[in-house]
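Asker: Quick check, what structure comes out for this input:
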Amino acid sequence: MEDYTKQVKQFVEEHSTAVAVVLVTGVGLFALKRWMGGGVCRSKARLDGKIVLITGANTGIGKETAVDIAKRGARLILACRDMGRANKAAEEIRERSGNGNVVVKKLDLASLQSVRALAKDVHETEERLDILINNAGIMMCPKWQTEDGFEMQLGTNHLGHFLLTNLLLDLLKKSAPSRVVNVSSLAHETGKIHFDDINLDKNYDPYTSYLQSKLANVLFNHELAVRLQGTGVTTYALHPGVIRTELGRHLLPSLPLWKRLLFIPFIFLIKTPWQGAQTTIYCAVDESLQNSSGLYYSDCAPKEAAPQGRDDAAARRLWDLSASMVGLA
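Answerer: Predicted coordinates for the structure are as follows:
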């Protein structure tokens with residue numbers, strides 16, 4: 001900590017003008033944030049008697065989503081990798097919501113075996129599933145592999161949720177009208193699916209991988225809606241905003257000090273987890289969306305996805321490739 005403080009002091013002394021610009025910019029951005037606001041879910045819909053499963057609900061926007069859903073009276077399933085943190089989060093959610101019907105189940109999206117085990121558990125213990133929220137994710141990690149040998153961001157952000165959703169479709173159809181909510185990102189707008197090198201083995205870049213996985217979320221949502229027409233199951237993809245959560249834990253430590261300092265003003269534009277959860281909640285419960293499916297949302301309003309996120313042929317091709325990779329084909 002002492003070394004870090006010295007680095008900051010030295011940087012400030014050597015770049016006083018730049019630091020002044022950063023501070024002034026920060027004030028301006030703070031005012032801009034107050035003016036811009038953000039979408040808030042206004043729906044008062046109750047979920048009594050409904051069952052909702054949220055992946056990665058032990059922290060960040062997932063936990064805030066869970067609190068809101070629990071307040072509406074649903075039976076809530078938190079599907080998380082770290083059971084210790086998940087159980088602690090469940091206690092907090094029960095306390096904040098006043099709903100004791102919150103259960104924790106093990107899910108590691110980087111393991112197809114774990115995904116299958118959770119789906120089997122849900123089928124055996126639950127009679128219905130009304131809302132599936134695919135929330136969990138990882139961002140810009142090093143070149144890691146999942147248990148099954150997939151690139152980690154693609155495997156966790158897309159393939160794990162792809163398999164889980166498909167394995168739970170029977171319950172979702174049985175419970176119709178029901179919903180699948182896929183948390184994606186504005187990052188999909190510059191993403192590309194590298195069909196000829198889907199695991200980016202030839203030239204891995206954490207940012208390129210993240211963009212691909214978020215585009216995959218949007219394309220999956222698009223094709224899922226096509227395949228679920230007439231079933232009563234509707235699907236939604238969304239951009240939650242730039243959120244102050246643990247998702248960026250692999251990004252900031254990798255940046256040089258000067259870049260971290262220049263990033264400071266933009267912290268004022270970053271949403272809180274509660275603000276970031278609003279569009280997820282909106283897609284999960286708002287009554288006005290009951291007859292919509294396959295669309296993309298931001299700030300609790302529809303927004304047109306990037307052209308590559310609306311590509312029918314790419315969506316079908318990704319579906320077929322994904323099904324093959326996870327053993328559904």
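
Asker: Residue 187 contacts residue 212, doesn't it?
Answerer: No. Using Cβ atoms under 8 Å, residue 187 is not in contact with residue 212, being 9.4 Å away. Yep, even glycine has a C-beta here, placed from its N, CA and C like the rest.

Asker: who's more crowded, those two?
Answerer: residue 212 (24 against 19; other Cβ atoms under 10 Å).

Asker: Tell me who's in contact with the more buried one.
Answerer: Residue 212 is in contact with 153, 154, 191, 192, 193, 194, 200, counting by Cβ atoms under 8 Å, 6 or more residues apart in numbering.

Asker: Can you name every helix or strand that the host helix or strand of residue 95 contacts?
Answerer: Remark: residue 95 resides in helix 83-97, with elements defined by DSSP states H and E. With contacts defined as 3 or more Cβ pairs under 8 Å, 6 or more residues apart in numbering; DSSP states H and E, the secondary structure elements packing on helix 83-97 are helix 60-71, strand 75-80, strand 102-106.

Asker: and residue 276, which of those is closest to it?
Answerer: Closest to residue 276 of those is helix 60-71 (Cβ to Cβ; 4.3 Å).

Asker: Now do that closest one, average pLDDT.
Answerer: Helix 60-71 shows an average pLDDT of 97 in the prediction.

Asker: Just the CA trace of that helix, in CSV.
Answerer: Presented in CSV, the C-alpha positions along helix 60-71 are these (Å, rounded to 0.1, in the frame of the first residue of the first chain):
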residue,chain,number,x,y,z
GLY,A,60,-23.7,-7.5,-7.7
ILE,A,61,-26.8,-7.1,-9.9
GLY,A,62,-27.7,-10.7,-9.4
LYS,A,63,-28.2,-10.2,-5.7
GLU,A,64,-30.1,-7.0,-6.1
THR,A,65,-32.4,-8.7,-8.7
ALA,A,66,-32.9,-11.6,-6.2
VAL,A,67,-33.9,-9.2,-3.4
ASP,A,68,-36.5,-7.6,-5.7
ILE,A,69,-37.9,-10.9,-7.0
ALA,A,70,-38.1,-12.3,-3.4
LYS,A,71,-40.0,-9.2,-2.3
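
Asker: Give me the buried positions along that helix.
Answerer: Neighbour-count burial for helix 60-71, with 16 or more other Cβ atoms under 10 Å as criterion, is recorded at 60, 61, 62, 63, 64, 65, 66, 67, 68, 69, 70.

Asker: Please render these as TSV that adds distance to residue 306 to the earlier fields.
Answerer: TSV is the format used below for the buried residues of helix 60-71 (distance: Cβ to Cβ, whole Å):
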residue	distance to residue 306
60	24
61	22
62	24
63	29
64	27
65	24
66	29
67	31
68	28
69	29
70	34
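
Asker: of all those, which comes closest to residue 231?
Answerer: For the buried residues of helix 60-71, the nearest to residue 231 is residue 69 (22.4 Å; Cβ to Cβ).

Asker: Pretty sure that closest one sits against residue 47.
Answerer: Yes. Using Cβ under 8 Å, residue 69 makes contact with residue 47 at a distance of 6.5 Å.

Asker: Which neighbours do these two have in common?
Answerer: 131, 285.

Asker: what sits up against the helix holding residue 95?
Answerer: Against helix 83-97 from outside (Cβ under 8 Å, 6+ apart): 57-59, 63, 66-67, 70-71, 76, 78, 80, 99-100, 102-104, 106.

Asker: Throw the helices and strands packed on helix 83-97 into a markdown table and include distance to residue 300, thanks.
Answerer: What follows is the helices and strands packed on helix 83-97, written out as a markdown table (distance: least, Cβ to Cβ, whole Å):
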| stretch | distance to residue 300 |
| --- | --- |
| helix 60-71 | 13 |
| strand 75-80 | 21 |
| strand 102-106 | 25 |
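
Asker: Perfect, that will be all.
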